[in-house]
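Peer 1: give me coordinates for this.
(one chain, ligands or ions: 2)
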Amino acid sequence: MDLPITSPSLPGSRAADSGTSDLILALPKGRILKEVQPLLARAGLIPGGDFHDEDSRHLRFPTNHPGLDVVRVRPFDVATFVAHGGAQIGVCGADVLMEFDYPEIYAPLDLGIGRCRVSVAGPVDDPIAEEANRWSRVTVATKYPGIARRHFAARGVQAEVVSLHGAMELAPSLGLARLIVDLVQTGSTLKANGLVEREVIAQVTSRLIVNRTALKTEPERIGAWLARFREALTA
Ligand SMILES: Nc1ncnc2c1ncn2[C@@H]1O[C@H](COP(=O)(O)OP(=O)(O)OP(=O)(O)O)[C@@H](O)[C@H]1O
Ligand SMILES: O=P(O)(O)OC[C@H]1O[C@H](OP(=O)(O)OP(=O)(O)O)[C@H](O)[C@@H]1O
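Peer 2: Ligands and ions are numbered 1, 2, ... in the order given. Have a look, this model is predicted:
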């Protein structure tokens, strides 16, 4: 398929030479970075420099496409970089998209990786937690305050959120909150900490995301990358 993406083999094809700026693809550090690499390869995108050196202090890397650089950021920050137009394209979990609900972000492609769910969980030995939807107030420890508040508000329950960035599973036993809202995949972290899943809020996979304004102003370049990723998903 002949796509209008700057070819690395054409001399003088740097986007900067033609007066347009480089596109930036924001990738999340951590587990998704590993999972997304085969897809990048199928899309013909190879990050360069010392991208594969986990100890590198560089944050921005060139690729085999002179018009596209990659940045490596925290998973939660991918959405923010793309929403603010610092990056035009990104790879981001649906959990993060739900949390921020940025209107500037368009998420056209489900990449089918990073599969898990956002759930409400509580202590195994607190069966009353099952009835949280009937209470007027709950305390919830989470790194998803927006998702938690909206989820309980939709049932007329006010969620008092204790904001944590990890180890949410400790919160009920240490008295920070009665419930948690967190990601669950195998359920082994919940089990290991005496918790049980009470309710699934949403299924999660990673998405290819784009900045809506960038897509309007650069439909050919960004559209071509979307087409490449779409094709890579079916390859
Ligand atoms: N257990 C899991 N199984 C599958 N996907 C997951 C799991 N945990 C997280 N994810 C997905 O991977 C994304 C990144 O999670 P990861 O654990 O790598 O980073 P993080 O711990 O949220 O970030 P940070 O390192 O900034 O705290 C999440 O937003 C979610 O979409
Ligand atoms: O159901 P499981 O298969 O046990 O997976 C769920 C765990 O995975 C995630 O944590 P992660 O490993 O990313 O650690 P972190 O949140 O502390 O970064 C999530 O926050 C849960 O703790």
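Peer 1: mind naming the longest helix for this protein?
Peer 2: helix 219-234 (DSSP state H).
Peer 1: in that one, what's buried?
Peer 2: Neighbour-count burial for helix 219-234 flags R221, I222, A224, W225, L226, R228, F229, A232 (criterion: 16 or more other Cβ atoms under 10 Å). No exception for glycine: its C-beta is placed from N, CA and C like everyone else's.
Peer 1: now swap in stretch 148-168 and tell me
Peer 2: A148, R149, H151, F152, V157, A159, V161, V162, L164, M168.
Peer 1: what's the distance between the last one and C116?
Peer 2: Computed as Cβ to Cβ, to the nearest Å, the M168 to C116 distance reads 14 Å.
Peer 1: next one: the fifth one
Peer 2: Here the criterion is Cβ to Cβ. By it, V157 lies 24 Å from C116.
Peer 1: what about the helices in the protein?
Peer 2: Ranges of helices in the chain, per DSSP H, are 31-42, 75-83, 94-100, 145-153, 188-192, 212-217, 219-234.
Peer 1: where does the record place the domain boundaries for the chain?
Peer 2: With domains defined by automatic domain parsing, the chain comprises 23-114+205-234, 116-204.
Peer 1: quick one: end-to-end length of the last one, please.
Peer 2: One end of domain 116-204 to the other measures 5 Å (Cα to Cα, to the nearest Å).
Peer 1: flag every buried residue along the biggest strand by length in the chain.
Peer 2: Assignment by DSSP state E gives strand 195-204 as the longest strand of the chain. Buried residues in strand 195-204, defined by neighbour count with 16+ other Cβ under 10 Å: L195, V196, R198, E199, I201, V204.
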